[in-house]
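**Q** Build me a structure from this.
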Amino acid sequence: MHIAHYTLPAPAIALAPMAGITDKPFRRLARRFGADWTVGEMISSDASLRHTRKTLHRSDRSGEEGVIAVQIAGSRPEEMAAAARYNVEQGAQLIDINMGCPAKKVCNVLAGSALLQNEPLVEAILKAVVAAVDVPVTLKTRLGWDENHKNLPRIAQMAEQAGIAALAVHGRTRSQMYRGQAEYALIAEVKRRTSLPLWVNGDITSPQKAAAVLAQTGADGVMVGRAAQGQPWLFADIRHYLTHGSLPPPQAFQAAAATALEHIRAIHEFYGETAGTRIARKHIGWYLQALPASDACRHLCNQSDSAAMQYDTLAQFFAERAQQTAYWPRSY
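**A** All right, here's what the predicted structure looks like:
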């Protein structure tokens, strides 16, 4: 898979950008387990927000490996162009345009997937951002606004003509949010019509599903989002399945528990105690959802305002469970 001058394995496996989730600790973990490509959390194009604590954390790519890909979101072409230039000056090696986020707070300001209602504006943003920087620009989008307005083929054509380097498509419309099942037929059609490298995204929940969707769409890679929450080793399992046609042995329980604890400690260190314990709660919940009889541990971790106590509570639960369980449960 070639994205401008960057070469990735074929098929390539990517971690989808998810605001509030795929921060530096999560991206580094995904890379360690074999993700070929990671994109940073969505950053607003609003210049007044550049120095807020949230944006500074989202912009922190120090010590990371791989291509520094920064995703920007907004609805004004000139503002998006300026944001692209600013992030390249800060070290971004690739700019990704967000036209896929379905969140109300994003769509209410006509950004994210709300842009799919306004094709002239889409075209203006694509052209402005590509012209503004000398690094590759990619696009993350959806099938369309709703069931009656699936304009992905037109958006893909605009992207190719504007000089976009690659396309990532989530197989739902904006109105679906994350409800129902992702659909891939239109993505397959776009792949046949365009020469753009293409990631397929949406409901890539297992190695078997990744292989099936790649076969159906002809996409150059899969982009994994929510399914990696609480099981970052999914990337390694997908690569093994695509290479060998079979699942690898499941993660040893102690190894998986060590990974989870390493992740939680990294969150505490990255955000500090107050924000770190709060942000870690959702990740702890995702790790624990695979384990029976974990409600009490989850409750204690959610109630804790101490990073040390939160970490120790989780470590103690894992130590007790390790005496009974050899392998970490998986859903596929």
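
**Q** Report the secondary structure state of residue 191.
**A** On the three-state scheme (DSSP: H, G, I helix; E, B strand; the rest coil), residue 191 is labelled helix.

**Q** hey, where'd the helices end up in the stretch 151-300 of the chain?
**A** Under the criterion DSSP state H, counting those that start in this stretch, the stretch 151-300 of the chain contains helices at 152-162, 185-193, 207-217, 234-244, 253-271, 273-288, 295-303.

**Q** As JSON lines, those with distance to residue 89 and mean pLDDT would be great.
**A** Any C-beta I mention is one placed from the backbone N, CA and C, and that applies to glycine too. Converted to JSON lines, those look like this (distance: least, CB to CB, whole Å; pLDDT from 0 to 100):
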{"stretch": "helix 152-162", "distance to residue 89": "22", "mean pLDDT": "97"}
{"stretch": "helix 185-193", "distance to residue 89": "33", "mean pLDDT": "97"}
{"stretch": "helix 207-217", "distance to residue 89": "36", "mean pLDDT": "98"}
{"stretch": "helix 234-244", "distance to residue 89": "31", "mean pLDDT": "98"}
{"stretch": "helix 253-271", "distance to residue 89": "23", "mean pLDDT": "98"}
{"stretch": "helix 273-288", "distance to residue 89": "27", "mean pLDDT": "98"}
{"stretch": "helix 295-303", "distance to residue 89": "40", "mean pLDDT": "97"}
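
**Q** right, so of the ones you listed, which gets closest to residue 225?
**A** Ranking these by proximity to residue 225 (CB to CB) places helix 234-244 first, at 10.6 Å.

**Q** how distant is that closest one from the center of its chain?
**A** Offset of helix 234-244 from its chain centre (CA atoms, centre = their mean, to the nearest Å): 18 Å.

**Q** repeat for stretch 142-160
**A** With CA atoms, centre = their mean, you get 20 Å for stretch 142-160.

**Q** can you confirm residue 140 is in a strand?
**A** Yes: Residue 140 forms part of a strand when assessed by three-state DSSP.

**Q** count of neighbours near it?
**A** Number of residues near residue 140 (other CB atoms under 10 Å) recorded here: 26.

**Q** With residue 74 instead?
**A** 27.

**Q** and what of residue 61?
**A** 18.

**Q** One more: the one 3 residues further on?
**A** By the measure other CB under 10 Å, the count of residues near residue 64 is 14.
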